[in-house]
Structure formats: C-alpha cells, structure tokens
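Novice: What would the 3D arrangement of this be:
(one chain, ligands or ions: 1)
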Amino acid sequence: MNPSHIEHIGIAVKSLDDAITYYENVLGLKCYAIEEVKDQKVRTAFFVVGQTKIELLESTDPEGPVGKFIDKNGEGLHHIAFAVENIEDCLRETEEKGIRLIDKIPRKGAEGLDIAFLHPKSTFGVLTELCEKK
Ligand code: CMX
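Specialist: Below you'll find the predicted structure:
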C-alpha cells in the first residue's frame, strides 16, 4: 500500500464551533473549510498542519457513526486517514491479507476524495481510512 503521508486525523467533537475556537485561538490554525457529508451524518471542519489535515467531526444525527462514537466514548480521536494511490487495488490487497473492510468499494468523502474505511477490530483498535485524490 505504501501510503505517502497521513492525509488527516479525524477528531469527534460535540460542537464544531467550540472546537474551531480552540484550534484557532489556542493552536493558531485557520479553519479553511466547513463541509457537511450527508451520507456520513457529519459536519466537518478542516485545518492544515504541514502535509496533514485535522478534520473535526460533529454529528448531525445521534444514530450516525460519530454520534454513536461520542455517546459511547465522549469526544476524542476518531480515525486516522492515509493517502494512497490506486485505492481499489489497496482495498483488494488489504482484504486478501484478512483485514475486515467497512467499504469494499471507495465512495466520495469530504473534499471530493475517494475514501474507504477499514474496521477498527481488524486494525488494532484504530478506525483507519484510506483516501485518494483523483
Ligand atoms: N475507533 C475505534 N473503535 C471504534 C470506533 C472508532 N472510531 N467506532 C466504533 N468502534 C468500536 C466500538 O467501540 C465497538 O467496540 P466493542 O464491540 O468492543 O464495544 C465496535 O467498534 C463496534 O462499534 P459500535 O458502536 O457497535 O458501532 P458500529 O459497529 O455500528 O459502527 C463502525 C462502527 C466503525 C463500523 C462505524 O462507525 C463506521 O462504519 N465507521 C466508518 C464511517 C465513519 O466513521 N464516518 C464518519 C467520518 C466521515 C468522514 O470522515 O467524512
């Protein structure tokens, strides 16, 4: 798979506005985009740090993945996303190696990237996302 870099780190928050204030006023980062991803039931806010982004995730539905995560764990680190090339090949190889896929076929995520998730029960407890900019 050989990812080129960590594309982003996803952080689940209760309030996008409150969390943006922290990232801007304390860390001095600038939120450059807010986007709703309807099929994932989240609103996202993005910051750049070097080659990596921080993606804040606010749930728009308690039954969505982030809503359920916060209900169970509270706010915090939700997933890590690796930038890859040929995401379809990566998924096929990953499945052949016995890793459980959440998405067998890539779908469109925030910022128009092709994305797919690997199940945290197969990846040592870390929800893992592969993403490709096409
Ligand atoms: N990190 C680590 N473990 C997680 C997790 C996470 N983010 N989310 C859930 N889990 C664990 C749970 O703790 C639970 O573990 P136990 O069985 O030991 O209690 C197990 O996975 C099952 O969790 P669940 O609460 O029953 O939830 P579901 O099985 O319904 O869903 C998951 C879990 C990972 C399959 C689902 O959240 C999913 O499909 N995630 C991928 C999509 C996503 O997260 N979208 C939001 C971001 C979108 C974006 O970035 O644009």
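Novice: For this protein, which residues are neighbours of the ligand?
Specialist: 10, 37, 40, 42, 44, 55, 57, 65-66, 68-69, 72, 78-79, 102, 109-110, 117, 119-120, 125, 127 (CB under 6 Å from any ligand atom). C-beta coordinates here come from the backbone N, C-alpha and C atoms, glycine included.
Novice: From those residues, which land in strands?
Specialist: In strands, defined here by DSSP state E, the members of the residues of the chain next to the ligand are 10, 37, 42, 44, 55, 57, 78, 79, 117.
Novice: and the closest residue to the second one other than its chain neighbours, what does it touch?
Specialist: Across the structure, with CB to CB, 6 or more residues apart in numbering as the measure, the residue nearest residue 37 apart from its sequence neighbours is residue 110 (5.3 Å). Taking CB atoms under 8 Å, 6 or more residues apart in numbering as the definition of contact, the neighbours of residue 110 are 35, 37, 44, 46, 55.
Novice: Check which helices and strands the helix or strand where residue 17 lies is in contact with.
Specialist: Secondary structure assigned from DSSP states H and E places residue 17 in helix 16-25. With contacts defined as 3 or more CB pairs under 8 Å, 6 or more residues apart in numbering; DSSP states H and E, helix 16-25 has these neighbours: strand 42-49, strand 52-59.
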